[in-house]
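Enquirer: sequence below, structure please.
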Amino acid sequence: MSVMTEKIQGRREWIGHVVSNKMNKTVVVAVDRFVRHPFYRKVIRRVTKLKAHDEQNNCRVGDRVKLIETRPISKHKHWRVVQIIERGQPD
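Expert: Reported below is the predicted structural model:
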């Protein structure tokens, strides 16, 4: 019944941009989402900042990364970097 290639049910996946990589094995990722205002019906941009686990310290500021929800790693880390989709521009 259990196959490792199956997608695990209930895990959310988000795509965002790395804002900070100053911590060891941790990156801060900003995820943009658009919601409609309940009364005015205008589309509003909301930014959520998530701390994600980066085991190899590969992520740099500006990278576009894919996150997956995981077990709590620390007090604020509940996400893990799965893939670097696009590299940011070097400074």
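Enquirer: thought Thr26 was touching Asn57, still the case?
Expert: No: assessed by C-beta atoms under 8 Å, Asn57 is found out of contact with Thr26, at 9.1 Å. Quick note: C-beta positions are derived from backbone N, CA and C, even for glycine.
Enquirer: pick out whichever of the two has more residues nearby.
Expert: Taking neighbours as other C-beta atoms under 10 Å, Asn57 and Thr26 compare with Thr26 leading, 19 against 12.
Enquirer: for the more buried one, give the beta-bridge partners.
Expert: Beta-bridge pairing for Thr26 (DSSP bridges): His53.
Enquirer: follow-up on the earlier one: what is in contact with Asn57 and Thr26 at once?
Expert: Jointly contacting Asn57 and Thr26 under the rule C-beta atoms under 8 Å, 6 or more residues apart in numbering is no residue at all.
Enquirer: report the contact partners of the residue nearest in space to the middle of the chain.
Expert: Taking C-alpha atoms, centre = their mean, the centroid of the chain lies closest to Leu67, which sits 3.9 Å from it. By C-beta under 8 Å, 6+ apart, the contact set of Leu67 is 13-16, 29, 31, 50, 52, 79-82.
Enquirer: now flag whichever of the residues you listed is closest to Lys42.
Expert: Distance to Lys42 across these (C-beta to C-beta) is lowest for Val31, with 20.3 Å.
Enquirer: and the closest one, how far from Val65?
Expert: Distance of Val31 to Val65, given as C-beta to C-beta, to the nearest Å: 10 Å.
Enquirer: who has more neighbours, these two?
Expert: Of the pair Val31 and Val65, Val65 is the one with more neighbours under other C-beta under 10 Å, namely 24 against 16.
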